[in-house]
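Student: quick one: sequence and predicted model below, then my questions.
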Amino acid sequence: MAAAPERVGMAAVIWTALFLAAAFAVDRSNFKTCEQSSFCKRQRSLKPGSSPYRALLESLQLNQDSMKLQLVNEVNKVPLLLELYGLQGNMTRIKINELSPLRPRYEVPDVLVRDPASTRLAVTGRDENSVELSLGDSGHKLILTGKPFRMDLLQGRELVLSVNPRGLLHFEHLRQRKDSFSDKVSSSVGSLWDKIKSLFHREPPKEPAPEGGAAGEETEATVPGDQESSEKSTKSEEGSDAPEQAEEELGSWEETFKTHTDSKPNGPTSVGLDFSLPGFEHVYGIPEHADNLRLRTTDGGDPYRLYNLDVFQYELYNPMALYGSVPVLLAHNIQRTVGIFWLNAAETWVDISSNTAGKTLFGKMLDYMQGGGETPQTDVRWMSESGIVDVFLLLGPAPRDVFRQYTTLTGTQALPPFFAIAYHQSRWNYNDEEDVDTVDAGFDMHDIPYDVIWLDIEHTDGKRYFTWDPSKFPHPRSMLERLAAKRRKMVSIVDPHIKVDSGYQIHNEIRSRGFYVKTKDGSDYEGWCWPGSAGYPDFTSPEMRTWWASMFSYDQYEGSTENLYTWNDMNEPSVFNGPEVTMYKDAVHQGGWEHRDLHNLYGFYVQMATAQGQVQRSGGLERPFVLTRAFFAGSQRYGAVWTGDNAAEWDHMKISIPMCLSLALVGISFCGADVGGFFKSPDAELLVRWYQLGAYQPFYRAHAHLDTVRREPWLFGEENKALIRAAIRQRYALLPYWYTTFYHSYRSGQPVMRPLWVEYPNDITTFSIDDQFLIGNALLAHPVTEQGAQGVQLYLPGKGEVWYDVHSHQKHHAPQTLYLPVTMSSIPVYQRGGTIVPRKERVRRSSDCMHHDPYTLYVALSPQGTAEGDLFIDDGHTYNFESKAQYLHRHFSFASNTLTSSSADSKGIFESPAWIERVVILGAGKPAAVFLKQPGLAETRLDFQHEAETSVLTLRKPSVNIGADWSISLR
């Protein structure tokens, strides 16, 4: 192919993409609605009613940790296999698959960190149409009803949730396509002959078998395809054909959207199942959507969609799919929290409806129900295009229990290297090495700390990843070394679309090794993205991931050094000329699996392989930092995510709070948004407010589109520069607390940034709040997100608790709704009474420069005069905290007018020269004297200052090592 036409074609595609991105909001016509998604339309066409599925109770097989039995669709007689597992930690797993599929159906690999430990199941009751099982020692029971099939899970006498209560289980079995001429003739003749036989051959009516009778059920289970039997009525035959005929009519073997046709060689394969949550009105999760924290009902509109897509400047407050998908839903009320984890990586839609749960359950269910009229209920319906039903019920009962249960399955948030939780500076694009040096020097000149500068796609040689533009970045190693000398880092972008170019080594190796995703015809799949024509590596292949990881070694990634980290963008995957801007569903991955089966896993695997590469390049010593745009359940194990291509608009800034909170609830704590907005140019007020908000979100990065004006923090005048500097400095002062909170997330699965109801699960007022949030359990933030705001109204939760303004130290009693006047310098943040927060108040140009600096402890007293907190310290970048127990975990407590420091974990050993230079006690009276006591040393007197107006006691220079045991007494 001639080079010039190729360049012209590539330029046209990229220009079109840039124009659309810059000029317009999302074009919704590029993305399907449920009505345009044939399987969603088919699934949703089923209305609640009596389920056609029956559980064959006599087929039940029980061992210590699982139960298996057959289900049969009484319309088409296709048998399914139901598997039920009791899991340790108060979880239950339900799997439904075909009993004998024509070919294997996809089951999601690699997301679960291990096979979940099981617990004992036992049959505790049985009658002709139901079986009662106990689920381990948790007090939970499950009642399985045979006809119609449903399952009800109880704790004691309380119904917790129901499975298939509305009869919406719908499992499209694999089948041969019946559209050939011979099939049609055979089918028509056979059907006619059966009807003729039925006119002349009438058998006497049989005695009806008992409902649980073995003979009839065994026949149906073992001869599922015997639909021609003369024993079956004409009505049954007609009913048997109806669902499959409907499926044929709705594009089950071929589907066209706009100009793209999906061949669907395996036909209809969708699965759907419904759940009812009695007593629950508030449900959360199933990110990613640009919507409120509390999920809305979807009656009368589209379901929430989970299908990773590249969406330009997304719309707000709708259920459209975005870049990532985590199929986990949480439900919460004042009694309990539960979760539903739907382990399926295909395109998925989730319907949510509100109902009233009266006394309508079958037979013995009434014996378990607590009396009293009607209770609220939320119904949830999951619909996926392929795969199997594989669902985990996370039974809480407390929010912290659900977080622990889910992260036991999929892993906790990786502990990031310390620099990664500091401030990052990015744009598309810093032009060249001189531009990088100038921006870097600008932060020093204006006394603004930062840790990382980012390079977008223009740094490469013609969008060839793992390369540098030879004219703009001729000496990348020297550039990186200059940053390292200031103890700073760089992140470069490495996208998963590979330029098709015979002169490009990466492309040649992937092609020669057969690592590209294939078309349905077996050739390498190609689509259009930033480089023009691009191939897409098959990251589902372990061999491909291993090879990709090897490309990050210093001898392979030319010019890279240990302070270069990675950004994976466009990994939904984004295909500019593909259906819905992504890959064809009938593309083929290793093992013959279609892309439709695993689409939502693609970005998960890209980040996994990239993180593996960063770990390997250091010989397994250094922790990686990888930012990803696409994600799935388990992505928290590999790094950070951000909310994608937002806009410089107030509502986009505001929506970043519930978007990150939703991710935090499902395990992904390391979340942030592009500060200032990616598209468009913010005015000074919006930019300042966004820096203030970003300072209190886990991932803190400014980023911008190449068509926007430059927006480094010093370009908006002295006053705004000072405001931005102050916000960033607040972030740096709190880095010890952020890092400690991330450590807790790593250890226990608790979210870093969390909704108020997580800490106050019995306070109904908190259940829908999503414009304020908690960082850990100690800090509450309500950033200003309204243009021209003169004040904010915030809620301080906790009956009998107190909160302290971190800036003025004013004490407020809770619970109360407080109106706080604000100025442009205001960032409303409160410390919870009863907590101790460590800070470092000597802010330097990067976090690494502060590593050995002294600490200040902020002790916020409860009304009872107590407080506690902790601090985690390690080297900030290696795995030595795990492999060699090289860390300090200190516990601080205040009671009876004495502040004590002791080890929170005696297994950890780490030496640090850092010391405590100040203790600030909020809510304290003035003592007569203050004494420091250290083991083996004489008691010494400390200087102090007391502010009577704010009741703040400041203790100066205790000068004790951060790893030492000591106590300070107020007398």
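Tutor: Structure received.
Student: going forward, measure contacts between C-alpha atoms and count neighbours the same way
Tutor: Noted.
Student: now Leu661: which helix or strand?
Tutor: helix 650-665 (DSSP states H and E).
Student: which strands and helices sit next to that helix?
Tutor: Helix 650-665 is packed against strand 282-285, strand 671-672, strand 753-754, with contacts defined by 3 or more Cα pairs under 8 Å, 6 or more residues apart in numbering; DSSP states H and E.
Student: can you redo these as JSON lines with mean pLDDT, mean neighbour count and distance to Tyr691?
Tutor: As requested, these are exported to JSON lines (pLDDT from 0 to 100; neighbours: other Cα atoms under 10 Å; distance: least, Cα to Cα, whole Å):
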{"stretch": "strand 282-285", "mean pLDDT": "98", "mean neighbour count": "23", "distance to Tyr691": "26"}
{"stretch": "strand 671-672", "mean pLDDT": "98", "mean neighbour count": "24", "distance to Tyr691": "12"}
{"stretch": "strand 753-754", "mean pLDDT": "98", "mean neighbour count": "29", "distance to Tyr691": "17"}
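Student: quick one: which of those is nearest Phe773?
Tutor: Taking Cα to Cα as the measure, the helices and strands packed on helix 650-665 were each checked against Phe773, and strand 753-754 came out nearest at 5.9 Å.
Student: any buried residues in stretch 854-872, and which?
Tutor: Of the residues in stretch 854-872, those buried under the neighbour-count criterion (16 or more other Cα atoms under 10 Å) are 854-862, 866-872.
Student: and stretch 654-668, how far out from the chain's middle?
Tutor: Centroid separation for stretch 654-668 versus its chain: 8 Å, with Cα atoms, centre = their mean, to the nearest Å.
Student: what's the mean pLDDT across that stretch?
Tutor: Averaged across stretch 654-668, pLDDT comes to 98.
Student: kindly export that stretch (C-alpha atoms) in CSV.
Tutor: C-alpha atoms of stretch 654-668 as CSV (Å, rounded to 0.1, in the frame of the first residue of the first chain):
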residue,chain,number,x,y,z
LYS,A,654,-19.7,17.6,41.0
ILE,A,655,-20.5,14.2,39.5
SER,A,656,-17.0,13.0,40.1
ILE,A,657,-17.9,12.6,43.8
PRO,A,658,-20.6,9.9,43.4
MET,A,659,-18.7,8.3,40.5
CYS,A,660,-15.6,7.7,42.7
LEU,A,661,-17.8,6.7,45.7
SER,A,662,-19.6,4.1,43.6
LEU,A,663,-16.2,2.7,42.6
ALA,A,664,-15.0,2.7,46.2
LEU,A,665,-18.0,0.6,47.2
VAL,A,666,-17.0,-2.1,44.8
GLY,A,667,-13.3,-2.4,45.7
ILE,A,668,-11.7,0.3,43.5
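Student: mind starting the numbering at 545 from now?
Tutor: Will do, 545 is the new start, and the previous item becomes stretch 1198-1212.
Student: neighbouring contacts of the helix holding Leu1205?
Tutor: Taking Cα atoms under 8 Å, 6 or more residues apart in numbering as the criterion, the residues outside helix 1194-1209 that touch it are 828-837, 860, 874, 947, 1187, 1190, 1213-1217, 1220-1221, 1230, 1234, 1295-1299, 1314-1316, 1329-1331.
Student: quick check: the gap between Thr1494 and Tyr1348.
Tutor: 10 Å (Cα to Cα, to the nearest Å).
Student: again with Glu859
Tutor: Applying Cα to Cα, the value for Glu859 to Tyr1348 is 37 Å.
Student: more neighbours, those two?
Tutor: Tyr1348 (23 against 20; other Cα atoms under 10 Å).
Student: and the more buried one, that one's in a strand?
Tutor: Yes: with the criterion set as DSSP: H, G, I helix; E, B strand; the rest coil, the secondary structure at Tyr1348 is a strand.
Student: who's in contact with it?
Tutor: For Tyr1348, the residues meeting the contact criterion (Cα under 8 Å, 6+ apart) are 1354-1356, 1374-1377, 1404, 1466.
Student: quick one, strands of the stretch 745-894 of the chain?
Tutor: Listed in chain order, the strands of the stretch 745-894 of the chain (DSSP state E, counting those that start in this stretch) span 799-801, 804-806, 815-822, 826-829, 848-850, 872-876, 881-886, 892-901.
Student: tell me the buried residues in the first one?
Tutor: So the one you mean is strand 799-801. Using 16+ other Cα under 10 Å as the test for burial, strand 799-801 gives Glu799.
Student: mind listing the strands that strand pairs with, and their directions?
Tutor: For strand 799-801, the paired strands and their directions (DSSP bridges) are strand 804-806 (antiparallel).
Student: report the beta-bridge partner residues of the closest residue in space to Thr800 that isn't next to it in sequence.
Tutor: Counting by Cα to Cα, 6 or more residues apart in numbering, Thr800 lies nearest to Asp806, which is 6.1 Å off, once chain neighbours are set aside. For Asp806, the beta-bridge partners under DSSP bridges are Glu799.
Student: pretty sure Asp806 sits against Pro1123.
Tutor: No: here Asp806 lies out of contact with Pro1123, judged by Cα atoms under 8 Å, at a distance of 9.1 Å.
Student: give me the more crowded residue out of the two.
Tutor: Comparing Asp806 with Pro1123 by neighbour count (other Cα under 10 Å), the higher total belongs to Pro1123, at 21 against 17.
Student: who are the contact partners of the more buried one?
Tutor: For Pro1123, the set of contacting residues under the criterion of Cα under 8 Å, 6+ apart consists of 574, 801-804.
Student: quick check: it vs Cys1073, distance?
Tutor: When distance is defined by Cα to Cα, Pro1123 is 13 Å away from Cys1073.
Student: before we move on, what about Val1350?
Tutor: Taking Cα to Cα, one finds Val1350 at 47 Å from Cys1073.
Student: and these two? Which one has more around it.
Tutor: The neighbour comparison of Val1350 against Cys1073 (other Cα under 10 Å) goes to Cys1073, with 25 against 19.
Student: now the phi/psi pair for the more buried one, please.
Tutor: phi -150, psi -160 (degrees, to the nearest 10).
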